[in-house]
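# the following block contains a protein sequence and its predicted model.
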Amino acid sequence: MEPLERYRPIIDDFEDFLAACRRPLGNAVRVNTIKASVDRALATLEAEGLAYEQADWNPRVLDLETDSPGSTWASFHGFTHGQEEVSAVPPVVLDPEPGERVWDCCAAPGGKATQIAALMDDRGTVVANDNNLGRISALRFNAERLGATSLAVTNADARNYSLQRFDFDEFDRTLVDAPCSCEGTIRKNPDALDNWSEGHISSVAGIQKGIIRRAIQATREGGTVVYSTCTFAPEENEAVVQHALEAEDCRVVDFDLGLEHAPGLTEWDGETFDSSLEKAARIYPHHNDTGGFFVAKLEVTA
Amino acid sequence: MSDNDGQRFDRLPATEAERDVEGRATREEVVDYFADRFGIPSETFDDYTFWEKGAGKIWVYGGEASTPLEIEAIGMTCLRTRQEHWKPTTDFVQRFGRAATDCVIDLEPAEARRFAAGEDQEIERWDGDWGYLIAAHDVGVGPTDQPGGDGELVDRGEREPIGVGLYVHGELRSMVPKGRQRDLES
Ligand SMILES: C[S@@+](CC[C@H](N)C(=O)[O-])C[C@H]1O[C@@H](n2cnc3c(N)ncnc32)[C@H](O)[C@@H]1O
(Lines give C-alpha, C1' and ligand atoms only; values in the text may rest on other atoms or scores of the structure.)
Protein backbone atom coordinates (compact mmCIF):
# COMPACT_ATOMS: atom_id res chain seq x y z
CA MET A 1 0.00 0.00 0.00
CA GLU A 2 3.03 2.22 0.53
CA PRO A 3 3.17 3.57 -3.07
CA LEU A 4 -0.43 4.76 -2.79
CA GLU A 5 0.57 7.33 -0.13
CA ARG A 6 1.42 9.76 -2.92
CA TYR A 7 -2.32 10.04 -3.65
CA ARG A 8 -3.28 11.19 -0.14
CA PRO A 9 -3.54 14.84 -1.28
CA ILE A 10 -5.89 14.09 -4.17
CA ILE A 11 -8.21 11.43 -2.77
CA ASP A 12 -11.05 12.35 -0.42
CA ASP A 13 -11.60 10.02 2.53
CA PHE A 14 -8.13 8.61 2.03
CA GLU A 15 -8.43 6.17 4.96
CA ASP A 16 -11.61 4.71 3.45
CA PHE A 17 -9.77 4.45 0.17
CA LEU A 18 -6.93 2.48 1.80
CA ALA A 19 -9.36 0.26 3.67
CA ALA A 20 -11.25 -0.52 0.45
CA CYS A 21 -7.96 -1.35 -1.31
CA ARG A 22 -7.30 -3.99 1.37
CA ARG A 23 -10.65 -5.73 0.92
CA PRO A 24 -10.82 -8.50 -1.70
CA LEU A 25 -13.30 -8.10 -4.52
CA GLY A 26 -16.38 -10.23 -5.16
CA ASN A 27 -17.08 -12.12 -8.38
CA ALA A 28 -18.42 -9.87 -11.09
CA VAL A 29 -19.73 -11.16 -14.39
CA ARG A 30 -21.13 -9.35 -17.40
CA VAL A 31 -24.14 -10.73 -19.26
CA ASN A 32 -23.16 -11.38 -22.87
CA THR A 33 -26.21 -10.25 -24.82
CA ILE A 34 -24.81 -11.73 -28.04
CA LYS A 35 -25.86 -15.12 -26.70
CA ALA A 36 -28.66 -14.45 -24.23
CA SER A 37 -30.99 -11.71 -23.07
CA VAL A 38 -30.44 -10.48 -19.52
CA ASP A 39 -33.66 -12.31 -18.52
CA ARG A 40 -32.53 -15.59 -19.97
CA ALA A 41 -29.11 -15.31 -18.35
CA LEU A 42 -30.71 -14.54 -14.99
CA ALA A 43 -33.17 -17.42 -15.35
CA THR A 44 -30.24 -19.75 -16.09
CA LEU A 45 -28.36 -18.59 -12.99
CA GLU A 46 -31.49 -18.92 -10.86
CA ALA A 47 -32.13 -22.43 -12.10
CA GLU A 48 -28.57 -23.29 -11.04
CA GLY A 49 -29.34 -21.98 -7.58
CA LEU A 50 -26.90 -19.06 -7.87
CA ALA A 51 -27.59 -15.78 -6.14
CA TYR A 52 -26.64 -12.53 -7.85
CA GLU A 53 -27.07 -8.80 -7.55
CA GLN A 54 -27.45 -6.50 -10.57
CA ALA A 55 -25.40 -3.29 -10.62
CA ASP A 56 -27.53 -0.16 -10.27
CA TRP A 57 -25.87 1.58 -13.19
CA ASN A 58 -25.88 -1.38 -15.55
CA PRO A 59 -28.33 -4.34 -15.45
CA ARG A 60 -25.87 -6.42 -17.49
CA VAL A 61 -23.28 -6.35 -14.72
CA LEU A 62 -23.80 -8.86 -11.90
CA ASP A 63 -22.16 -9.58 -8.62
CA LEU A 64 -22.32 -13.37 -8.45
CA GLU A 65 -22.26 -15.47 -5.31
CA THR A 66 -20.05 -18.40 -6.20
CA ASP A 67 -16.47 -19.51 -5.79
CA SER A 68 -16.25 -20.74 -9.37
CA PRO A 69 -17.96 -18.27 -11.72
CA GLY A 70 -16.35 -20.10 -14.66
CA SER A 71 -18.06 -23.42 -13.86
CA THR A 72 -21.70 -22.55 -14.30
CA TRP A 73 -24.04 -23.40 -17.16
CA ALA A 74 -24.49 -19.68 -17.73
CA SER A 75 -20.76 -19.38 -18.32
CA PHE A 76 -20.53 -22.60 -20.33
CA HIS A 77 -23.13 -21.26 -22.73
CA GLY A 78 -21.33 -17.93 -22.94
CA PHE A 79 -24.27 -16.10 -21.35
CA THR A 80 -21.89 -14.61 -18.77
CA HIS A 81 -18.28 -13.54 -18.82
CA GLY A 82 -16.12 -12.85 -15.77
CA GLN A 83 -15.37 -9.14 -15.90
CA GLU A 84 -14.80 -6.66 -13.14
CA GLU A 85 -17.59 -4.11 -12.65
CA VAL A 86 -15.46 -1.02 -13.43
CA SER A 87 -13.94 -2.78 -16.41
CA ALA A 88 -17.40 -2.66 -18.01
CA VAL A 89 -17.38 1.16 -17.91
CA PRO A 90 -15.16 2.14 -20.89
CA PRO A 91 -17.25 0.36 -23.59
CA VAL A 92 -20.38 2.01 -22.22
CA VAL A 93 -18.66 5.42 -22.42
CA LEU A 94 -17.47 4.59 -25.96
CA ASP A 95 -21.15 3.98 -26.80
CA PRO A 96 -20.68 2.21 -30.15
CA GLU A 97 -23.59 1.67 -32.53
CA PRO A 98 -24.47 -1.33 -34.70
CA GLY A 99 -22.76 -1.21 -38.09
CA GLU A 100 -19.86 1.01 -37.02
CA ARG A 101 -16.12 0.41 -37.37
CA VAL A 102 -14.53 0.26 -33.97
CA TRP A 103 -10.91 -0.27 -32.98
CA ASP A 104 -10.00 -1.75 -29.62
CA CYS A 105 -6.27 -1.16 -29.90
CA CYS A 106 -5.17 -2.94 -26.68
CA ALA A 107 -7.79 -5.65 -26.60
CA ALA A 108 -6.48 -8.83 -25.00
CA PRO A 109 -7.94 -10.84 -23.29
CA GLY A 110 -11.05 -9.36 -24.84
CA GLY A 111 -13.50 -8.51 -22.04
CA LYS A 112 -14.10 -5.05 -23.44
CA ALA A 113 -13.83 -5.99 -27.14
CA THR A 114 -16.61 -8.56 -26.75
CA GLN A 115 -18.63 -6.07 -24.71
CA ILE A 116 -18.25 -3.57 -27.56
CA ALA A 117 -19.47 -6.24 -30.02
CA ALA A 118 -22.45 -6.93 -27.76
CA LEU A 119 -23.32 -3.22 -27.53
CA MET A 120 -23.35 -3.21 -31.36
CA ASP A 121 -25.67 -6.25 -31.46
CA ASP A 122 -22.66 -8.02 -33.00
CA ARG A 123 -23.18 -6.05 -36.23
CA GLY A 124 -20.38 -3.96 -37.70
CA THR A 125 -16.62 -4.37 -37.42
CA VAL A 126 -14.70 -4.53 -34.17
CA VAL A 127 -10.96 -4.71 -34.77
CA ALA A 128 -9.46 -6.21 -31.62
CA ASN A 129 -5.72 -5.68 -31.60
CA ASP A 130 -2.96 -6.54 -29.15
CA ASN A 131 0.80 -6.67 -29.49
CA ASN A 132 1.15 -9.70 -27.24
CA LEU A 133 0.64 -12.94 -29.16
CA GLY A 134 0.25 -15.02 -26.00
CA ARG A 135 -2.59 -12.82 -24.80
CA ILE A 136 -4.19 -12.98 -28.25
CA SER A 137 -4.90 -16.67 -27.81
CA ALA A 138 -6.94 -15.83 -24.71
CA LEU A 139 -8.71 -13.10 -26.68
CA ARG A 140 -9.59 -15.53 -29.47
CA PHE A 141 -10.83 -18.13 -27.01
CA ASN A 142 -13.10 -15.59 -25.32
CA ALA A 143 -14.38 -14.18 -28.61
CA GLU A 144 -15.41 -17.64 -29.80
CA ARG A 145 -16.94 -18.67 -26.51
CA LEU A 146 -18.97 -15.46 -26.44
CA GLY A 147 -19.96 -15.82 -30.10
CA ALA A 148 -18.63 -12.45 -31.26
CA THR A 149 -18.74 -12.75 -35.06
CA SER A 150 -18.03 -9.06 -35.68
CA LEU A 151 -14.49 -9.29 -34.30
CA ALA A 152 -11.34 -9.18 -36.44
CA VAL A 153 -8.22 -9.94 -34.42
CA THR A 154 -4.84 -8.41 -35.27
CA ASN A 155 -1.43 -8.67 -33.64
CA ALA A 156 0.50 -5.41 -33.97
CA ASP A 157 1.95 -2.52 -32.04
CA ALA A 158 -0.85 0.03 -31.73
CA ARG A 159 1.64 2.92 -31.87
CA ASN A 160 2.30 2.50 -35.59
CA TYR A 161 -0.80 0.54 -36.54
CA SER A 162 -1.47 0.24 -40.26
CA LEU A 163 -4.99 0.18 -41.67
CA GLN A 164 -3.76 -1.15 -44.98
CA ARG A 165 -5.04 -4.63 -44.19
CA PHE A 166 -8.61 -3.33 -44.32
CA ASP A 167 -10.85 -1.78 -47.00
CA PHE A 168 -11.50 1.32 -44.91
CA ASP A 169 -9.03 3.91 -43.71
CA GLU A 170 -10.49 5.21 -40.48
CA PHE A 171 -12.56 4.10 -37.51
CA ASP A 172 -15.74 5.62 -36.09
CA ARG A 173 -14.63 4.94 -32.54
CA THR A 174 -11.54 3.72 -30.78
CA LEU A 175 -10.97 2.38 -27.30
CA VAL A 176 -7.51 2.77 -25.77
CA ASP A 177 -7.60 0.50 -22.72
CA ALA A 178 -3.95 1.11 -22.17
CA PRO A 179 -1.28 -1.07 -20.58
CA CYS A 180 -0.61 0.57 -17.22
CA SER A 181 0.88 0.17 -13.76
CA CYS A 182 -2.40 -1.47 -12.61
CA GLU A 183 -2.55 0.16 -9.17
CA GLY A 184 -6.34 -0.05 -9.28
CA THR A 185 -6.31 -3.85 -9.47
CA ILE A 186 -4.82 -4.19 -5.98
CA ARG A 187 -8.03 -5.76 -4.64
CA LYS A 188 -7.86 -8.55 -7.21
CA ASN A 189 -4.06 -8.92 -7.30
CA PRO A 190 -2.60 -8.23 -3.86
CA ASP A 191 0.87 -8.19 -5.42
CA ALA A 192 -0.06 -5.53 -7.99
CA LEU A 193 2.23 -2.99 -6.29
CA ASP A 194 5.22 -5.27 -5.75
CA ASN A 195 7.22 -3.92 -8.66
CA TRP A 196 5.95 -0.36 -8.39
CA SER A 197 8.37 2.43 -9.24
CA GLU A 198 8.21 5.94 -10.62
CA GLY A 199 10.56 4.81 -13.37
CA HIS A 200 8.09 2.14 -14.45
CA ILE A 201 5.27 4.69 -14.45
CA SER A 202 7.19 7.04 -16.67
CA SER A 203 8.16 4.34 -19.13
CA VAL A 204 4.55 3.04 -19.49
CA ALA A 205 3.39 6.64 -19.86
CA GLY A 206 5.65 6.94 -22.91
CA ILE A 207 3.94 3.92 -24.50
CA GLN A 208 0.50 5.24 -23.58
CA LYS A 209 1.22 8.56 -25.29
CA GLY A 210 2.27 6.78 -28.48
CA ILE A 211 -0.88 4.64 -28.46
CA ILE A 212 -3.36 7.44 -27.77
CA ARG A 213 -1.88 9.56 -30.58
CA ARG A 214 -2.21 6.75 -33.12
CA ALA A 215 -5.75 6.08 -31.89
CA ILE A 216 -6.77 9.68 -32.55
CA GLN A 217 -5.12 9.66 -35.99
CA ALA A 218 -6.93 6.46 -36.95
CA THR A 219 -10.35 7.80 -35.93
CA ARG A 220 -12.51 9.94 -38.24
CA GLU A 221 -13.34 13.58 -37.61
CA GLY A 222 -16.29 13.72 -35.23
CA GLY A 223 -15.46 10.22 -34.02
CA THR A 224 -14.87 9.16 -30.42
CA VAL A 225 -11.77 7.96 -28.60
CA VAL A 226 -12.06 6.64 -25.06
CA TYR A 227 -8.88 6.43 -23.01
CA SER A 228 -8.91 4.22 -19.91
CA THR A 229 -6.52 2.66 -17.43
CA CYS A 230 -6.88 0.67 -14.23
CA THR A 231 -4.43 2.88 -12.40
CA PHE A 232 -4.44 6.03 -10.26
CA ALA A 233 -1.16 7.62 -11.37
CA PRO A 234 -1.89 11.01 -13.00
CA GLU A 235 1.25 10.56 -15.12
CA GLU A 236 -0.58 7.69 -16.88
CA ASN A 237 -3.97 9.37 -16.98
CA GLU A 238 -4.48 13.14 -17.16
CA ALA A 239 -0.89 13.73 -18.36
CA VAL A 240 -1.39 11.31 -21.25
CA VAL A 241 -4.65 12.97 -22.30
CA GLN A 242 -2.98 16.38 -21.93
CA HIS A 243 -0.25 15.18 -24.29
CA ALA A 244 -2.91 14.10 -26.81
CA LEU A 245 -4.64 17.50 -26.55
CA GLU A 246 -1.35 19.22 -27.37
CA ALA A 247 -0.22 16.89 -30.14
CA GLU A 248 -3.45 15.90 -31.94
CA ASP A 249 -6.78 17.40 -33.01
CA CYS A 250 -9.18 16.47 -30.26
CA ARG A 251 -11.05 17.74 -27.21
CA VAL A 252 -12.22 16.20 -23.95
CA VAL A 253 -16.00 15.76 -23.75
CA ASP A 254 -18.53 15.07 -21.00
CA PHE A 255 -20.25 11.76 -20.43
CA ASP A 256 -22.82 10.39 -18.03
CA LEU A 257 -21.67 7.77 -15.60
CA GLY A 258 -24.06 6.12 -13.18
CA LEU A 259 -21.23 5.30 -10.78
CA GLU A 260 -19.85 7.53 -8.07
CA HIS A 261 -16.53 9.07 -9.16
CA ALA A 262 -14.21 12.04 -8.75
CA PRO A 263 -13.40 14.47 -11.58
CA GLY A 264 -10.09 14.30 -13.44
CA LEU A 265 -7.23 16.39 -12.06
CA THR A 266 -6.10 19.74 -13.44
CA GLU A 267 -2.77 19.67 -11.67
CA TRP A 268 -0.31 17.16 -10.30
CA ASP A 269 3.23 17.40 -9.04
CA GLY A 270 3.76 20.94 -10.29
CA GLU A 271 2.29 20.26 -13.73
CA THR A 272 -1.04 21.76 -14.79
CA PHE A 273 -3.53 20.21 -17.20
CA ASP A 274 -6.26 21.69 -19.37
CA SER A 275 -9.40 22.49 -17.38
CA SER A 276 -11.41 20.16 -19.65
CA LEU A 277 -9.70 17.25 -17.90
CA GLU A 278 -12.23 17.71 -15.11
CA LYS A 279 -14.64 15.95 -17.47
CA ALA A 280 -12.66 12.73 -17.06
CA ALA A 281 -13.65 10.28 -14.33
CA ARG A 282 -11.57 8.80 -11.52
CA ILE A 283 -13.35 5.82 -10.01
CA TYR A 284 -11.86 4.88 -6.64
CA PRO A 285 -12.38 1.54 -4.86
CA HIS A 286 -14.21 3.10 -1.89
CA HIS A 287 -16.71 4.89 -4.15
CA ASN A 288 -18.69 1.90 -5.34
CA ASP A 289 -16.83 -1.03 -3.76
CA THR A 290 -15.07 -1.88 -7.04
CA GLY A 291 -11.55 -1.78 -8.44
CA GLY A 292 -10.02 1.55 -9.50
CA PHE A 293 -10.32 3.07 -12.98
CA PHE A 294 -9.70 6.20 -15.01
CA VAL A 295 -11.80 7.06 -18.06
CA ALA A 296 -11.65 10.04 -20.43
CA LYS A 297 -13.78 10.59 -23.52
CA LEU A 298 -12.36 12.50 -26.48
CA GLU A 299 -13.92 13.81 -29.66
CA VAL A 300 -11.70 13.91 -32.73
CA THR A 301 -11.92 17.40 -34.22
CA ALA A 302 -10.08 17.10 -37.55
CA MET B 1 -6.60 -24.20 -59.87
CA SER B 2 -4.10 -23.00 -57.25
CA ASP B 3 -3.24 -24.59 -53.91
CA ASN B 4 -4.67 -23.49 -50.58
CA ASP B 5 -2.44 -21.05 -48.67
CA GLY B 6 -2.95 -22.07 -45.05
CA GLN B 7 -1.42 -18.91 -43.61
CA ARG B 8 -4.06 -16.44 -44.65
CA PHE B 9 -7.82 -15.97 -44.79
CA ASP B 10 -9.46 -16.40 -48.18
CA ARG B 11 -13.11 -15.71 -48.70
CA LEU B 12 -15.04 -18.75 -49.92
CA PRO B 13 -16.17 -18.56 -53.54
CA ALA B 14 -19.93 -18.09 -53.86
CA THR B 15 -20.41 -21.17 -56.02
CA GLU B 16 -18.58 -23.99 -57.74
CA ALA B 17 -18.19 -21.89 -60.90
CA GLU B 18 -16.07 -19.33 -59.06
CA ARG B 19 -13.83 -21.77 -57.28
CA ASP B 20 -10.16 -21.37 -58.12
CA VAL B 21 -8.54 -23.19 -55.20
CA GLU B 22 -8.41 -26.97 -55.21
CA GLY B 23 -10.75 -28.64 -52.73
CA ARG B 24 -12.10 -25.38 -51.23
CA ALA B 25 -15.71 -25.49 -50.05
CA THR B 26 -18.05 -22.89 -51.54
CA ARG B 27 -20.34 -20.57 -49.63
CA GLU B 28 -23.28 -22.33 -51.24
CA GLU B 29 -22.11 -25.74 -50.03
CA VAL B 30 -21.55 -24.47 -46.48
CA VAL B 31 -24.93 -22.78 -46.19
CA ASP B 32 -26.62 -25.82 -47.76
CA TYR B 33 -24.85 -28.12 -45.32
CA PHE B 34 -26.18 -26.21 -42.31
CA ALA B 35 -29.67 -26.18 -43.86
CA ASP B 36 -29.72 -29.81 -45.01
CA ARG B 37 -28.17 -31.37 -41.95
CA PHE B 38 -29.55 -29.17 -39.15
CA GLY B 39 -32.42 -27.24 -40.71
CA ILE B 40 -30.74 -23.89 -39.99
CA PRO B 41 -32.44 -21.52 -42.50
CA SER B 42 -30.07 -20.22 -45.19
CA GLU B 43 -31.15 -16.63 -44.49
CA THR B 44 -29.47 -16.92 -41.09
CA PHE B 45 -26.19 -16.27 -42.89
CA ASP B 46 -27.26 -13.50 -45.27
CA ASP B 47 -25.16 -10.90 -43.45
CA TYR B 48 -22.14 -13.15 -42.97
CA THR B 49 -19.16 -14.14 -45.06
CA PHE B 50 -17.29 -17.46 -44.86
CA TRP B 51 -13.52 -17.82 -45.02
CA GLU B 52 -10.92 -20.58 -45.12
CA LYS B 53 -7.63 -20.48 -43.23
CA GLY B 54 -5.58 -23.58 -42.61
CA ALA B 55 -6.55 -26.78 -44.36
CA GLY B 56 -10.33 -26.95 -44.36
CA LYS B 57 -11.00 -24.71 -41.37
CA ILE B 58 -13.96 -22.45 -42.16
CA TRP B 59 -14.69 -19.19 -40.33
CA VAL B 60 -17.92 -17.20 -40.18
CA TYR B 61 -17.56 -13.43 -39.99
CA GLY B 62 -20.02 -10.54 -39.80
CA GLY B 63 -17.69 -7.56 -40.28
CA GLU B 64 -15.90 -5.91 -43.19
CA ALA B 65 -12.75 -7.38 -44.70
CA SER B 66 -11.10 -7.83 -48.05
CA THR B 67 -9.75 -11.10 -49.36
CA PRO B 68 -7.07 -12.37 -48.95
CA LEU B 69 -6.32 -11.24 -45.44
CA GLU B 70 -3.37 -11.98 -43.17
CA ILE B 71 -4.54 -11.45 -39.61
CA GLU B 72 -5.00 -13.58 -36.50
CA ALA B 73 -8.72 -14.28 -36.66
CA ILE B 74 -12.03 -13.12 -38.10
CA GLY B 75 -15.30 -13.98 -36.44
CA MET B 76 -15.26 -17.59 -35.30
CA THR B 77 -14.31 -21.01 -36.63
CA CYS B 78 -17.52 -22.74 -37.62
CA LEU B 79 -16.78 -25.86 -39.65
CA ARG B 80 -14.08 -28.35 -40.55
CA THR B 81 -14.17 -29.27 -44.26
CA ARG B 82 -11.79 -31.15 -46.55
CA GLN B 83 -12.78 -34.42 -44.85
CA GLU B 84 -15.52 -36.93 -45.62
CA HIS B 85 -17.88 -35.82 -42.88
CA TRP B 86 -17.89 -32.08 -42.24
CA LYS B 87 -17.80 -31.19 -38.57
CA PRO B 88 -19.26 -28.01 -37.05
CA THR B 89 -17.57 -26.45 -34.02
CA THR B 90 -19.04 -26.32 -30.53
CA ASP B 91 -18.82 -22.52 -30.43
CA PHE B 92 -20.66 -22.29 -33.75
CA VAL B 93 -23.56 -24.46 -32.63
CA GLN B 94 -23.81 -22.50 -29.40
CA ARG B 95 -24.01 -19.27 -31.43
CA PHE B 96 -26.26 -20.36 -34.33
CA GLY B 97 -27.69 -23.73 -33.27
CA ARG B 98 -30.85 -22.38 -31.68
CA ALA B 99 -32.21 -22.11 -35.21
CA ALA B 100 -31.62 -25.83 -35.80
CA THR B 101 -34.57 -28.22 -36.20
CA ASP B 102 -32.86 -31.44 -37.34
CA CYS B 103 -30.16 -33.65 -35.87
CA VAL B 104 -30.58 -32.10 -32.44
CA ILE B 105 -30.47 -34.53 -29.53
CA ASP B 106 -32.12 -33.35 -26.32
CA LEU B 107 -30.24 -34.36 -23.21
CA GLU B 108 -31.49 -34.94 -19.67
CA PRO B 109 -29.69 -32.94 -16.96
CA ALA B 110 -27.28 -35.73 -16.00
CA GLU B 111 -26.52 -36.45 -19.65
CA ALA B 112 -25.94 -32.76 -20.32
CA ARG B 113 -23.44 -32.58 -17.46
CA ARG B 114 -21.52 -35.58 -18.77
CA PHE B 115 -21.53 -34.08 -22.24
CA ALA B 116 -20.16 -30.73 -21.01
CA ALA B 117 -17.43 -32.61 -19.14
CA GLY B 118 -16.36 -34.19 -22.43
CA GLU B 119 -17.53 -37.74 -21.62
CA ASP B 120 -18.85 -40.29 -24.09
CA GLN B 121 -22.12 -42.01 -23.14
CA GLU B 122 -24.56 -44.67 -24.27
CA ILE B 123 -27.83 -43.13 -25.41
CA GLU B 124 -30.15 -45.71 -26.97
CA ARG B 125 -33.21 -43.56 -27.66
CA TRP B 126 -31.83 -41.65 -30.65
CA ASP B 127 -33.39 -42.92 -33.88
CA GLY B 128 -32.25 -40.17 -36.23
CA ASP B 129 -29.16 -39.97 -38.44
CA TRP B 130 -25.78 -41.04 -37.18
CA GLY B 131 -22.86 -38.65 -37.43
CA TYR B 132 -22.45 -35.16 -36.05
CA LEU B 133 -25.39 -33.95 -33.96
CA ILE B 134 -26.14 -30.85 -31.94
CA ALA B 135 -26.54 -31.78 -28.29
CA ALA B 136 -29.00 -29.52 -26.49
CA HIS B 137 -30.76 -29.20 -23.16
CA ASP B 138 -33.28 -26.94 -21.48
CA VAL B 139 -31.84 -24.07 -19.53
CA GLY B 140 -33.44 -21.72 -17.07
CA VAL B 141 -35.82 -24.32 -15.73
CA GLY B 142 -35.72 -23.76 -12.01
CA PRO B 143 -37.73 -25.49 -9.31
CA THR B 144 -40.33 -22.71 -9.47
CA ASP B 145 -40.90 -22.61 -13.17
CA GLN B 146 -40.82 -26.21 -14.22
CA PRO B 147 -43.86 -27.20 -16.24
CA GLY B 148 -46.46 -28.03 -13.62
CA GLY B 149 -44.79 -25.74 -11.08
CA ASP B 150 -46.53 -22.55 -10.05
CA GLY B 151 -44.08 -20.14 -11.65
CA GLU B 152 -44.61 -18.41 -14.95
CA LEU B 153 -43.10 -19.99 -18.02
CA VAL B 154 -41.72 -16.97 -19.79
CA ASP B 155 -39.09 -17.62 -22.40
CA ARG B 156 -37.52 -19.92 -19.86
CA GLY B 157 -36.91 -23.63 -20.16
CA GLU B 158 -36.07 -23.13 -23.80
CA ARG B 159 -33.82 -25.53 -25.66
CA GLU B 160 -30.20 -24.41 -25.73
CA PRO B 161 -27.44 -26.01 -27.79
CA ILE B 162 -24.50 -27.27 -25.71
CA GLY B 163 -22.11 -28.44 -28.40
CA VAL B 164 -21.36 -30.95 -31.11
CA GLY B 165 -21.53 -34.67 -30.51
CA LEU B 166 -20.68 -37.63 -32.72
CA TYR B 167 -23.37 -40.32 -32.63
CA VAL B 168 -22.46 -43.84 -33.68
CA HIS B 169 -23.63 -47.33 -32.54
CA GLY B 170 -25.78 -46.10 -29.68
CA GLU B 171 -23.06 -43.89 -28.27
CA LEU B 172 -22.89 -40.10 -28.12
CA ARG B 173 -19.31 -38.84 -28.07
CA SER B 174 -18.81 -35.34 -26.83
CA MET B 175 -16.77 -33.20 -29.22
CA VAL B 176 -16.54 -30.30 -26.75
CA PRO B 177 -12.89 -29.21 -26.99
CA LYS B 178 -10.71 -29.76 -23.91
CA GLY B 179 -10.42 -26.09 -23.07
CA ARG B 180 -14.21 -25.70 -23.13
CA GLN B 181 -15.03 -28.76 -21.00
CA ARG B 182 -16.39 -28.04 -17.53
CA ASP B 183 -17.54 -30.01 -14.51
CA LEU B 184 -20.94 -28.51 -13.79
CA GLU B 185 -22.97 -29.06 -10.70
CA SER B 186 -26.58 -28.69 -11.74
C1 LIG C 1 -5.22 -3.33 -19.80
S2 LIG C 1 -4.78 -4.57 -20.92
C3 LIG C 1 -6.20 -4.66 -21.99
C4 LIG C 1 -7.41 -5.38 -21.41
C5 LIG C 1 -8.52 -5.57 -22.42
N6 LIG C 1 -8.93 -4.29 -22.99
C7 LIG C 1 -9.72 -6.27 -21.86
O8 LIG C 1 -10.71 -5.60 -21.52
O9 LIG C 1 -9.72 -7.51 -21.77
C10 LIG C 1 -3.58 -3.79 -21.95
C11 LIG C 1 -3.12 -4.61 -23.15
O12 LIG C 1 -2.29 -3.79 -23.97
C13 LIG C 1 -1.36 -4.63 -24.63
N14 LIG C 1 -0.29 -3.75 -25.13
C15 LIG C 1 0.78 -3.26 -24.47
N16 LIG C 1 1.52 -2.47 -25.28
C17 LIG C 1 0.88 -2.45 -26.49
C18 LIG C 1 1.16 -1.82 -27.75
N19 LIG C 1 2.21 -1.04 -27.91
N20 LIG C 1 0.30 -2.04 -28.78
C21 LIG C 1 -0.77 -2.85 -28.61
N22 LIG C 1 -1.09 -3.46 -27.44
C23 LIG C 1 -0.26 -3.26 -26.40
C24 LIG C 1 -0.98 -5.63 -23.57
O25 LIG C 1 -0.50 -6.82 -24.17
C26 LIG C 1 -2.31 -5.84 -22.83
O27 LIG C 1 -2.97 -6.98 -23.31
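Done, it's in.

# check contacts around the residue of chain B found nearest the ligand.
Distances between chain B and the ligand by CB to the nearest ligand atom are smallest at B:E72, namely 12.8 Å. Just so you know, the C-beta spots here come from the backbone N, C-alpha and C atoms, and that holds for glycine as well. Applying CB atoms under 8 Å, 6 or more residues apart in numbering or on different chains to B:E72 gives the contacts A:I136, A:R140, A:V153, A:T154, A:N155.

# secondary structure, neighbour count and distance to the ligand added to these, as TSV?
Output for the contacts of B:E72, formatted as TSV (DSSP: H, G, I helix; E, B strand; the rest coil; neighbours: other CB atoms under 10 Å in any protein chain shown; distance: CB to the nearest ligand atom, whole Å):
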residue	secondary structure	neighbour count	distance to the ligand
A:I136	helix	22	9
A:R140	helix	20	12
A:V153	strand	25	12
A:T154	strand	24	9
A:N155	coil	16	9
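
# which of those sit farthest apart?
The largest separation in these, counting by CB to CB, is between A:R140 and A:T154 at 11.4 Å.

# so which helix or strand takes in the nearest residue to B:D120 once chain neighbours are set aside?
Excluding the flanking residues, the one nearest B:D120 by CB to CB, 6 or more residues apart in numbering or on different chains is B:R173, at 4.5 Å. B:R173 is part of strand B:171-174, with elements assigned from DSSP states H and E.

# so which elements touch that strand?
Judged by 3 or more CB pairs under 8 Å, 6 or more residues apart in numbering or on different chains; DSSP states H and E, strand B:171-174 is in contact with helix B:109-116, strand B:121-122, strand B:131-139, strand B:158-168.

# okay, now the sheet partners of the longest one, with direction.
Spelled out, it's strand B:158-168. Strand B:158-168 has its sheet partners listed here by DSSP bridges as strand B:131-139 (antiparallel), strand B:171-174 (antiparallel).

# now that strand: average pLDDT?
For strand B:158-168, mean pLDDT is 96.

# same deal with stretch B:69-82?
Rounded mean pLDDT across stretch B:69-82 is 97.

# so how far does it reach from one end to the other?
The straight-line separation of the ends of stretch B:69-82 (CA to CA, to the nearest Å) is 21 Å.

# got it, and stretch B:77-87?
11 Å.

# check stretch A:18-38 too.
One end of stretch A:18-38 to the other measures 34 Å (CA to CA).

# show me where the chain has its helices.
Chain wasn't specified; assuming chain A. A:14-22, A:38-47, A:73-76, A:89-94, A:111-119, A:133-145, A:198-217, A:238-247, A:285-288 (DSSP state H).

# oops, chain B please
B:27-38, B:90-96, B:109-116.

# now those as JSON lines including mean pLDDT and distance to B:A55?
What follows is those, written out as JSON lines (pLDDT from 0 to 100; distance: least, CB to CB, whole Å):
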{"stretch": "helix B:27-38", "mean pLDDT": "98", "distance to B:A55": "16"}
{"stretch": "helix B:90-96", "mean pLDDT": "98", "distance to B:A55": "18"}
{"stretch": "helix B:109-116", "mean pLDDT": "97", "distance to B:A55": "28"}
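
# from those, which stretch is densest packed?
When the helices of chain B are scored by mean count of other CB atoms under 10 Å in any protein chain shown, the highest mean neighbour count falls to helix B:90-96 (a mean of 25).

# which elements pack onto that helix?
Here helix B:90-96 is seen to pack against strand B:76-80, strand B:158-168 when contacts are counted using 3+ CB pairs under 8 Å, 6+ apart.

# can you give the contact residues for the last one?
To tie it back to what came earlier, the one meant is strand B:158-168. Strand B:158-168 is contacted by residues A:40, A:76-77, B:87-90, B:93-94, B:97-98, B:100, B:104-107, B:112, B:115-116, B:123, B:126, B:129-140, B:172-176, B:180 when judged by CB under 8 Å, 6+ apart.

# just the buried subset of these, please.
Taking 16 or more other CB atoms under 10 Å in any protein chain shown as the criterion, what is buried in those is A:40, A:76-77, B:88-90, B:93-94, B:97-98, B:100, B:104-105, B:107, B:112, B:115-116, B:123, B:126, B:132-140, B:172-176, B:180.

# how far does stretch B:48-68 stretch from start to finish?
Start-to-end span of stretch B:48-68 (CA to CA) is 16 Å.

# correction: the previous question concerned stretch B:106-120.
So stretch B:106-120: terminal residues 15 Å apart, CA to CA.

# do the same with stretch A:54-72
OK, stretch A:54-72 end separation, CA to CA: 17 Å.

# so how far is it from its chain's centroid?
Distance, stretch centre to chain centre, for stretch A:54-72: 18 Å (CA atoms, centre = their mean, to the nearest Å).

# need the contact partners of it.
By CB under 8 Å, 6+ apart, the surrounding residues in contact with stretch A:54-72 are A:26-31, A:33, A:38, A:44-45, A:48, A:50-53, A:75, A:80, A:82-83, A:85, A:88, A:92, A:257-259, B:182-185.

# may I see the ChimeraX selection of the buried members of these?
Buried residues among the contacts of stretch A:54-72 (16+ other CB under 10 Å), as a ChimeraX selection:
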select /A:26,27,28,29,30,31,33,44,45,48,50,52,75,80,83,85,88,92,259 /B:182,184
